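[1] got a predicted model here, sequence first, then my questions.
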Amino acid sequence: MFTMPQTTGIPYAPYTVTVSLKRVQFSETYVPIPSTAHSPDEVEYVYSPCRRLLVIMVRRTKAEAAATREALLDAAEEVFLERGVANASLDLISRRAGVTRGALYWHFRNKGDLFRAMLDRVRMPFEDLITALDDPTLADRPLEALRLGCHAGVKHLDTPHHRRVHSILLHHCERSTDFDPLEVKDEIADECREVFLRHFRQAQINQQLREGLTPEQATRLFHYALSGQFWEWLRAPDAYSLREHGPELVDTLIGLIRRDPD
């Protein structure tokens with residue numbers, strides 16, 4: 001390890017460094033190279049024992065680091081869509097982003113971590129869609145909460161970016177030795193089913209659920225119908241308008257599930 005005294009504030013002033021290696025301590029003076037040196041608060045000092053050199057490393061700003069992370073996520077989307085998740089290599093993703101593989105590992109532990117981060121950029125839990133409606137009266141109208149939440153979700157999903165990522169999730173995911181992206185798909189599906197079931201149970205308590213229909217049956221009907229529509233849309237998005245037909249299906253399903261007024 002090494003210790004460095006306080007600098008004088010002069011960017012290219014010599015620095016005396018005290019180095020301790022296996023109980024041997026010595027001091028040497030190093031002069032930063034002007035072409036690579038920056039002000040003292042902008043650089044990192046890393047001692048290389050094998051060369052007895054002080055390496056001057058420019059610290060990346062938070063904005064630069066965030067830009068690198070976004071570039072890696074954009075590249076991952078492209079490569080996953082082109083080759084599938086299992087066949088996408090981290091080398092190719094880092095090259096596509098124009099960064100080193102070391103930079104990729106600085107931001108993401110492995111392909112699974114990168115895949116989840118890509119999903120997190122577009123993922124909005126269904127419960128958050130309902131909360132964003134900011135309507136306290138929906139607590140007593142669980143079916144209406146589901147209906148409006150689904151309408152909001154359609155608008156959220158029907159964008160090129162969201163379409164691309166969810167297409168990867170549904171049509172370009174394969175199991176591999178690295179990780180199982182299908183587990184992520186199951187997590188999202190389970191999360192949606194849990195919200196659906198909770199609202200249908202509340203509808204049953206409020207006597208708003210159609211007679212003879214259990215909350216579990218309503219959940220399966222709602223989930224499978226919406227999942228099928230979403231899958232078909234991603235399979236051929238140009239032939240099907242989710243923004244137009246999605247709300248229609250939601251309204252039809254809620255009408256089938258809601259108890260007829262007396």
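    Received the coordinates, thanks. Computed from a predicted model, the values in this text were never measured in an experiment. Residues are numbered from 1 along each chain as shown.
[2] ok, the spatially closest residue to residue 185 that is not a sequence neighbour - contacts?
    Closest residue to residue 185 apart from its sequence neighbours, by Cβ to Cβ, 6 or more residues apart in numbering: residue 169 at 5.9 Å. Glycine gets a C-beta too; all of them are placed from N, C-alpha and C. Counting by Cβ atoms under 8 Å, 6 or more residues apart in numbering, residue 169 touches 119, 181, 184, 185, 188.
[3] tell me how many other residues crowd the third one.
    Under the neighbour criterion other Cβ atoms under 10 Å, residue 184 is assigned a count of 17.
[4] thought it was touching residue 113?
    No - counting by Cβ atoms under 8 Å, residue 184 sits too far from residue 113 to count as a contact (11.4 Å).
[5] buried only: go through the contacts of residue 169 for me.
    Among the contacts of residue 169, those buried by neighbour count (16 or more other Cβ atoms under 10 Å) are 119, 181, 184.
[6] and the least confident of these?
    Minimum pLDDT for the buried ones among the contacts of residue 169 is recorded at residue 181 (73).
[7] how about that one: what's its closest non-neighbour residue?
    Nearest non-adjacent residue to residue 181, counting by Cβ to Cβ, 6+ apart: residue 173, 4.1 Å away.
[8] between the buried ones among the contacts of residue 169, which is closest to residue 131?
    Residue 131 lies nearest to residue 119 out of these, by Cβ to Cβ, at 19.9 Å.
[9] and the closest one, how far from residue 73?
    10 Å (Cβ to Cβ, to the nearest Å).
[10] number of nearby residues for the closest residue to residue 103 other than its chain neighbours?
    The shortest distance from residue 103 to any residue other than its chain neighbours is 6.0 Å, reached at residue 68 (Cβ to Cβ, 6+ apart). Neighbour count for residue 68, taken as other Cβ under 10 Å: 18.
[11] and if you look at the one 3 residues further on?
    Residue 71 has 17 neighbours, counted by other Cβ under 10 Å.
[12] and for residue 189?
    When neighbours are defined as other Cβ under 10 Å, residue 189 has 12 of them.
[13] ok, it - contacts?
    For residue 189, the contact set (Cβ under 8 Å, 6+ apart) comprises 223, 227.
[14] do residue 153 as well
    Counting by Cβ under 8 Å, 6+ apart, residue 153 has contacts 124, 126, 129.
[15] what about 7 Å?
    Applying Cβ atoms under 7 Å, 6 or more residues apart in numbering, we find residue 153 in contact with 126, 129.
[16] against residue 230, how distant is it?
    Residue 153 is 10 Å from residue 230, by Cβ to Cβ.
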